[in-house]
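In: Build me a structure from this.
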Amino acid sequence: MCIDDQGIVKIGVLDSGTGCLVVAPQLQRAIPRSQIVVLADTANGPYAGISPELIEERSKEALRTLLTLGVDVVVLACHATSVSALDALQKICPVPVVGLVEPSVRALLDGVRNKRLGLIATPGKDVSVAYQKYLKLQTEPGHEFAYMWSSLLVPLLEEGWKNHPVPVTQFTLSSNFGALRDVFEAEAVILGNPEFALIEAQFGELLGPDCRLILPHVEVARAVRALMPKLLRSGTERLGGQAVRYLVTDDQVGFEAKAKRMLGVDTEIRAELVSV
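Out: Okay, here's the model as predicted:
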């Protein structure tokens, strides 16, 4: 089915931090005729590091607000929500909910040879369990899986330090994740947080040319695009352009400033303040 003949699909993006700044543009590129509404729960986020129960509670509140805007599908740009709350959100949501984990695992397993697979992400109680669940569902036993984390990397990127004269980001990468290359010899690694795509080249240099990098923002956009025929058959023609609408629950000026630091000074994002 041709998307251009069927109008515009409205995509809701749920986040608790800045991953949406990477995910939303990728959705635009993958699905050109789309309206994208981002809800970033900046008042309560980031969710990384809090309990799975609290992540689920806050994610449900944010989802209810996003659904009032008439979205056709919900994308979880928040890694913590994808790990800890996807099942709960899918149970209460009347439209499809797509997280970061399952599409990334599918890509991770594509063409693997030595079965040594890795994940780099922010810390979280259920992270390894969630990825292992999808690995077991989609492959035979025998894969080795290494989860390595850093709580510093996303804040460094939010401060615009990916190419800072003081090589703090490079030092963080090598000190935290060099073992994936030198000891574990990973064949493929998921860069679990969407923000990590901003330093894909540095990860590539660190892990070497033989290690395939999986970018969740790319994989989740592919997964949503695959849903388009179903969504467009049941949807209606929508008015509007392709601009991304950003809604935040606190400090819209701070959110806009982070976008400039992360994506470049020419980035123009206007955030609206909402309550959940």
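In: okay, and for the stretch 151-276 of the chain, where does confidence drop off?
Out: Scanning the stretch 151-276 of the chain for pLDDT under 70 picks out the ranges 232-242.
In: quick one: the helices in it?
Out: For the stretch 151-276 of the chain, the helices defined by DSSP state H, counting those that start in this stretch cover 153-158, 168-177, 179-182, 200-207, 216-226, 228-234, 252-263.
In: got the contact list for the first one?
Out: With C-beta atoms under 8 Å, 6 or more residues apart in numbering as the test, helix 153-158 has contacts from 17-18, 46, 48, 122, 162, 168-169, 172-173, 176, 193, 195-196, 198-199, 258, 261-262. C-beta here means a position set from N, CA and C on the backbone, and glycine is covered the same way.
In: Report the backbone C-alpha coordinates of it in PDB.
Out: Coordinates of each C-alpha in helix 153-158 appear next as PDB, following Å, rounded to 0.1, in the frame of the first residue of the first chain:
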ATOM      1  CA  LEU A 153      27.500   9.300  28.800                       C
ATOM      2  CA  VAL A 154      24.000  10.700  28.300                       C
ATOM      3  CA  PRO A 155      24.700  13.700  30.500                       C
ATOM      4  CA  LEU A 156      27.900  14.400  28.700                       C
ATOM      5  CA  LEU A 157      26.100  14.400  25.300                       C
ATOM      6  CA  GLU A 158      23.300  16.600  26.700                       C
END
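In: What residues sit buried inside it?
Out: For helix 153-158, the buried set under the neighbour-count rule, 16 or more other C-beta atoms under 10 Å, comprises 153-154, 156-158.
In: next one: the third one
Out: Taking 16+ other C-beta under 10 Å as the neighbour-count basis, helix 179-182 is seen to contain the buried residues 180-181.
In: Show me what that helix is packed up against.
Out: For helix 179-182, the packing partners by 3 or more C-beta pairs under 8 Å, 6 or more residues apart in numbering; DSSP states H and E come out as strand 144-149, helix 200-207.
In: Let's have the ones you listed in TSV, adding distance to Thr68 and mean neighbour count.
Out: Converted to TSV, the helices and strands packed on helix 179-182 look like this (distance: least, C-beta to C-beta, whole Å; neighbours: other C-beta atoms under 10 Å):
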stretch	distance to Thr68	mean neighbour count
strand 144-149	35	17
helix 200-207	35	16
